[in-house]
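1. The following comprises the amino acid sequence and a computationally predicted model.
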Protein chains: 2
Amino acid sequence: MHNQIREEPLIEEAVHILLQAVTLQPDVENVRVKEALGRVTAEPIFAKRSMPPFPAAAMDGIAVNARDTYGATEESPLRLHGDQFVFINTGDPVPRRTNAVVMIEKVHVVDSHTVEITEPAVPWKHVRHTGEDIAKGEMLISACQSLRPADLGVLLAGGIQKVPVWHKPRVAVIPTGSEMVPPEQELAGGELPEFNSAVFEAYLKEWGAEPNVEQIVPDEPASLAKAVRQAAQTHDIVIINAGSSAGSKDFTPRVLKELGTVLVHGVAARPGKPVVLAVVDGTPVLGLPGYPVSAYLSLEWFALPLIRAWYNQPIAERETIHVQLTHPVQVKSGAEHFVRMRAGKVGGQMKAAPVSKGAGATLSLIRSDGWLRTSSGIRAGEQVPFVLSRSQNELQHQWLLTGNDDPLLDVWGSLLKQRSGRRLSRESTSRSEGIRAWARGECHVACILWSGEDEELSSLVAQEKPVQDWLLLKGFQRQQGWMKAGGYSRNGAGVRDAHHKDQTWVYVADVDGNEPKQASESDRRLKLPSLLKAAAAIAGGTADVGIGTQAAAKLAGLDFVPLYPARLDLLMTVSFYEKEGGRAMVEAFQSPGLNKRAMEWGGYNLNDVGSILLSGRGWEPGNR
Amino acid sequence: MHNQIREEPLIEEAVHILLQAVTLQPDVENVRVKEALGRVTAEPIFAKRSMPPFPAAAMDGIAVNARDTYGATEESPLRLHGDQFVFINTGDPVPRRTNAVVMIEKVHVVDSHTVEITEPAVPWKHVRHTGEDIAKGEMLISACQSLRPADLGVLLAGGIQKVPVWHKPRVAVIPTGSEMVPPEQELAGGELPEFNSAVFEAYLKEWGAEPNVEQIVPDEPASLAKAVRQAAQTHDIVIINAGSSAGSKDFTPRVLKELGTVLVHGVAARPGKPVVLAVVDGTPVLGLPGYPVSAYLSLEWFALPLIRAWYNQPIAERETIHVQLTHPVQVKSGAEHFVRMRAGKVGGQMKAAPVSKGAGATLSLIRSDGWLRTSSGIRAGEQVPFVLSRSQNELQHQWLLTGNDDPLLDVWGSLLKQRSGRRLSRESTSRSEGIRAWARGECHVACILWSGEDEELSSLVAQEKPVQDWLLLKGFQRQQGWMKAGGYSRNGAGVRDAHHKDQTWVYVADVDGNEPKQASESDRRLKLPSLLKAAAAIAGGTADVGIGTQAAAKLAGLDFVPLYPARLDLLMTVSFYEKEGGRAMVEAFQSPGLNKRAMEWGGYNLNDVGSILLSGRGWEPGNR
């Protein structure tokens, strides 16, 4: 019934099909309590002893037999002698023949053998009964409970030495791909580092599984079949990465069909569509796509529910908050889309925008703050649920910066994080996009590259935000110029307007250095999202030359021809500067670490960094 | 300036004093990326290589030189021959002298040396530039970033083998107390198991420290001084537990004063007041109270901020939700109170109530769901912030049960958790308190012990909730009777009304078995919060006899004299039964595990368990 291959089920449907088709058979192991943190109990655990294990003093004082104290009053204090009382500390056993404790504060010590009290003791007053904290036989922890630190204390208090827990599910991770090599290895021509399995391993550990990363399997059906068959016999879950889509080297579906039953091939989700779910010898086998973003998403969609089901625990949902979209989200219908977004609290409101497509996939994944999950387009301004991929705490301490790019800004952000705990989330855009985003309240700070007159810039800002509550914090100056591979000798035709561009254009030529015949001017100009990505493309030979900086050229091993200086400054509201970010930002700008890195990379001038350059109403620090 | 001893600062003030007085000097270590999960970067990390490391195909297809394709149209397809094209898979390097990829879907293969295309290629179309994902020189991770699974992937992709991280702070945990023995050890008379340090160790590990639990130090100032001095020289943080209050054996403050500077002794917080914060040889030393709840709270207040400061990270706040108080909270003024509460979503509203004081401290800690932090009393019905000590996800899957006690209910709850993922949070009260709590919508289910007529019970429920939306699910029958220590021979005077009590009363006599002379009747009757706590008190000798069950007597090693049978049933709304809990509850009742345990403990009858006994309007399953 569930064994038919469906056309693109939704994720939850695919999970259901998978869970229905497999029988998870967790085994039990007994581990020492001290080593059981995070493990999941296989049975309810009952106390083997009471705590306290004896009637115990709840106060520092004297233990007495209440009968000996009757009649004591303020007016006629009563003296106790010799064995009528015993000094006792909190937690000590109450001696036999005594049945109450008198607080030390209410005891007048006459001499070492005599005390005086002024009120009678009540039987069992200030005495903790045996088992008051934990009674023998009491259930301490139920089955299927993940053990937290304090749980360990309760188990030890209750006399438990070893605790029965579910064995962690053994998960085989089989990386595939003839071009893949272990990530530690130097790359020869055409080789790629296989790093997904290290990420899988880390996620699987976090989720309570026992991952086992196998050798990389080359793109040969027989090798893959052998590896999967073997893994399915010795593991509880098998994951193959990648080879799950429909390309000529994507053998996974075919191999799984031969070895067992393919339940699902393809889910209605983007990214993450090319997933294969199968059962081989009763073991669930997940064929996951290789593209990192899809790989990690689909791992969470399918491996996590299997692990939770293994432990009989409900599926853990990631923390979700509500955010206001600052940009529209456009998606194709027919599938659920997972849109990576960055978010931040601007003007008291949590706002989020999709991460630009141009950013590299893996890097944009770790730089994004979470996901919007949607099957249809959404307009800007809407409140949407946002699934966090970093802690809300970290998000609350995050500032959004939009505008021109410079690698030194990341160094500055790192210093900001190190010194103030604030995270900087930076998006590279053109200057005008940065100013507009800031003016619309979509980010805290706009980063502005400028080489013209201050007044011109002032009116540019005023045009977007016609109020006076803004200031421009001086960042650093940098040399702009041509970045080019060594020995480049093109004539520079078509690059005349570069001086007036603040964006990162690189100039693409034909492989022979000739002008492409039928390509238009725009085909020959390529906008890349950052200076270093432009430099990398030039170094990689797909672009000839680009406007950039000395630092970017140096980091990519390119030649640099300086043209003119430009300034990179930060535009923010006066209230943000005064009440939130100003001090921390200036301190990070002026820290020795930034200067050191700027010197090392070259082409920067950090004079007067962190000073106020311009403002909407002649504002200066201390003005009010 | 900060070295004076203050009278009870607030927690945050005390943390500030502590952080100002110490200089944390984290050292850096280089660890392999694959072992760096959760570690905190000491420096920003820059990519050592670009990814892709070469211009790569973004699609499966053929690599061509765009020039060779110009002129191709639907009407006049163009044929490419021999070395004019190369079949290529996604991710493969684009060969030299080619500059575009044509998707395989748009290629008509004529023979092994000839293909036909119907549109020209655009230079660099479907080609990923070098560095598109990660550009050499790009900052991958900033300093002071805790590494997540996907971060490891980015580092490996960027050619990083080892990553500089802060060494974990080395934290010495010194347990003290002459009566304390390691928790694995059998207890001799007066000995207590030392389990706090195992809990500290687990918390410290979770927070990213490297704990080192020392030998238990007896209550001698010289031994403590020696242990602290030694630990302060070899660790970054030292924790002493306990001995921090003012009792005769509480040497910690005095010893710390001799060894270094005491910054704070006592904070304005309950529980958790008796904290000593000091500096010895530049090392922060925390003297924390021994009472488990205070111990774990104060560890979080002071050790966590030190660890976060060590890593230059902002203090992580625990997840907080808003809940409606179902009971008033009364606290003494002059300090902040941390009130343990249990919570659950009843009728769509998250509600919470303080955990009853009667419950054992350690156990009630792990059974509670979080904390209310308040300096003043709060009325019932108010919305208050609630700091979670378990995941919100788990809380959403939690059902609240209030009413009569039976240890078999915990077994049932464990089966419920195991079978349906639902957590049962159970509070023992009298029958009438249970019914009232349910009627007021403070819990999902009331647990009712009953031995009278059904009609009487029906009118009892109707009295509290005069609507017909309720039903009574049959639980189990149990034998009620006397629980008593072996050889007990009292005459039973004063226990005549026991038959009519549904609560757990135990009868307290003098140590010689005589009636206390001046104690009132109520002094001789003690209400304990559960059957097993009553049984433990009797077994411990502070109570003579109590009304209980065969199971409780057996688990505590007591004799049992059966008196009469009683039924334990579950009262819930019809809508809860139908839409939420009914099916899962009935399944857990009828699972073999419950019957097995009931047989083992004895005195239970599980006939017709899970059937509908009564309802407000003659409702039966399938009625509507």
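-> All right, it came through fine.

2. distance of residue A:196 from residue A:203?
-> The spacing between residue A:196 and residue A:203, counted by CB to CB, to the nearest Å, is 10 Å. In short, each C-beta sits where N, CA and C put it, glycine included.

3. partner residues bridging the closest residue to residue A:71 other than its chain neighbours?
-> Counting by CB to CB, 6 or more residues apart in numbering or on different chains, residue A:78 is the residue found nearest to residue A:71 once chain neighbours are left out, at 6.2 Å. Assessed by DSSP bridges, residue A:78 has beta-bridge partners residue A:117.

4. For residue A:78, give me its contacts.
-> Shown here is residue A:78, whose contacts under the criterion CB atoms under 8 Å, 6 or more residues apart in numbering or on different chains are A:69, A:71-72, A:116-118, A:120.

5. before we move on, the earlier item: in terms of neighbours, single out the busier of residue A:196 and residue A:203.
-> Neighbours per residue, other CB atoms under 10 Å in any protein chain shown: of residue A:196 and residue A:203, the larger number sits with residue A:196, 30 against 23.

6. Surely the more buried one is in contact with residue A:293?
-> No: proximity of residue A:196 to residue A:293 does not meet the contact threshold set by CB atoms under 8 Å, at 10.7 Å.

7. list the contacts for residue A:231?
-> With contact set as CB under 8 Å, 6+ apart, residue A:231 has these partners: A:172, A:174, A:214, A:238, A:283.

8. So for residue A:196 and residue A:203, which residues contact both of them?
-> Shared contacts of residue A:196 and residue A:203 (CB under 8 Å, 6+ apart): residue A:296.

9. show me what contacts residue A:573?
-> With contacts defined as CB under 8 Å, 6+ apart, residue A:573 is in contact with A:469-471.

10. where does it land on pLDDT?
-> The predicted local distance difference test score for residue A:573 is 93.

11. for it, which residues make a bridge with it?
-> Checking residue A:573 by DSSP bridges, which sets the bridge assignment, gives partners residue A:470.

12. Flag every residue of the stretch 301-450 of chain A that's near chain B.
-> The stretch 301-450 of chain A has residues A:312-314, A:316-317, A:319, A:360-363, A:365-366, A:390-394, A:397, A:407, A:410-411, A:413-415, A:417-419, A:421, A:423-424 near chain B, with proximity defined as CB under 8 Å from any CB of the partner chain.

13. Rank the helices and strands of chain A by mean pLDDT and give me the bottom one.
-> Between all helices and strands in chain A, the lowest mean by mean pLDDT, DSSP states H and E belongs to helix A:521-524, at a mean of 55.

14. Name the next helix or strand downstream of that helix, please.
-> Secondary structure here is assigned by DSSP states H and E; on that basis, the next helix or strand after helix A:521-524 toward the C-terminus is strand A:525-527.

15. Check which strands are paired with that next one and give the direction for each one.
-> Based on DSSP bridges, the strands next to strand A:525-527 in the sheet, each with its direction, are strand A:505-507 (antiparallel).

16. for chain A, what's the longest helix?
-> Residue-count comparison of every helix in chain A, with assignments taken from DSSP state H, identifies helix A:292-310 as the longest.

17. what's the spacing between the residue of chain A most remote from its centre and residue A:436?
-> In chain A, the greatest distance from the average C-alpha position (CA atoms, centre = their mean) is reached by residue A:76, at 70.1 Å. Residue A:76 is 88 Å from residue A:436, where distance means CB to CB.

18. ok, how many other residues are close to residue A:298?
-> There are 28 residues near residue A:298, going by other CB under 10 Å.

19. Residue A:14: what secondary structure?
-> Recorded secondary structure, residue A:14: helix (DSSP: H, G, I helix; E, B strand; the rest coil).

20. quick one: it and residue A:275 touch, right?
-> Yes: applying CB under 8 Å as the test, residue A:14 and residue A:275 come out as touching, 7.3 Å apart.

21. Restricted to helices, list the contacts of residue A:231.
-> Taking DSSP H as the definition of helices, the contacts of residue A:231 contribute nothing to them.

22. Neighbour-wise, which one of the residues you listed leads?
-> The most neighbours of any of these, using other CB under 10 Å, belong to residue A:238, which has 29 neighbours.

23. Below-threshold pLDDT in the stretch 201-350 of chain A: ranges please.
-> Within the stretch 201-350 of chain A, the set of residues satisfying pLDDT under 70 comprises A:244-248.

24. can you give me phi and psi for the residue positioned nearest the centre of chain A?
-> What sits nearest the mean C-alpha location of chain A, by CA atoms, centre = their mean, is residue A:390, with 3.5 Å. With angles defined as degrees, to the nearest 10, residue A:390 sits at phi -130, psi 170.

25. In contact with it, which residues are there?
-> Residue A:390 sits next to A:369-370, B:148 when contact means CB under 8 Å, 6+ apart.

26. Just the buried ones from these?
-> Judged by neighbour count, with 16 or more other CB atoms under 10 Å in any protein chain shown as the criterion, the buried members of the contacts of residue A:390 are A:369-370, B:148.

27. how about the contacts of residue A:390 in CSV, adding secondary structure?
-> Formatted as CSV, the entries for the contacts of residue A:390 read as follows, by three-state DSSP:
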residue, secondary structure
A:369, coil
A:370, strand
B:148, coil
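
28. circling back to that earlier point, which residues do residue A:14 and residue A:275 both contact?
-> Taking CB under 8 Å, 6+ apart as the contact criterion, the common neighbours of residue A:14 and residue A:275 are A:264, A:267, A:301-302.

29. From those residues, list just the buried residues.
-> Among the shared contacts of residue A:14 and residue A:275, the ones that count as buried by 16+ other CB under 10 Å are A:264, A:267, A:301-302.

30. which of the residues you listed sit farthest apart?
-> Spatial extent of these (CB to CB) is set by the pair A:264 and A:301 at 11.0 Å.

31. how about the helices in the stretch 501-624 of chain A?
-> Counting by DSSP state H, counting those that start in this stretch, the stretch 501-624 of chain A forms helices over residues A:521-524, A:531-539, A:550-556, A:574-576, A:582-589, A:592-601, given from the N-terminal end onward.

32. Retrieve the pLDDT associated with residue A:577.
-> 93.

33. nope, residue A:509 is what I meant
-> The per-residue pLDDT of residue A:509 was computed as 51.

34. Which residue ranges make up the domains of chain A?
-> The record, using automatic domain parsing to delimit domains, assigns chain A the ranges A:6-25+A:168-310, A:28-51+A:133-166, A:56-128, A:317-396, A:426-624.

35. winner for burial among those domains?
-> Among the domains of chain A, domain A:28-51+A:133-166 has the highest mean neighbour count (mean count of other CB atoms under 10 Å in any protein chain shown), at a mean of 22.

36. Alright, that wraps it up for me.
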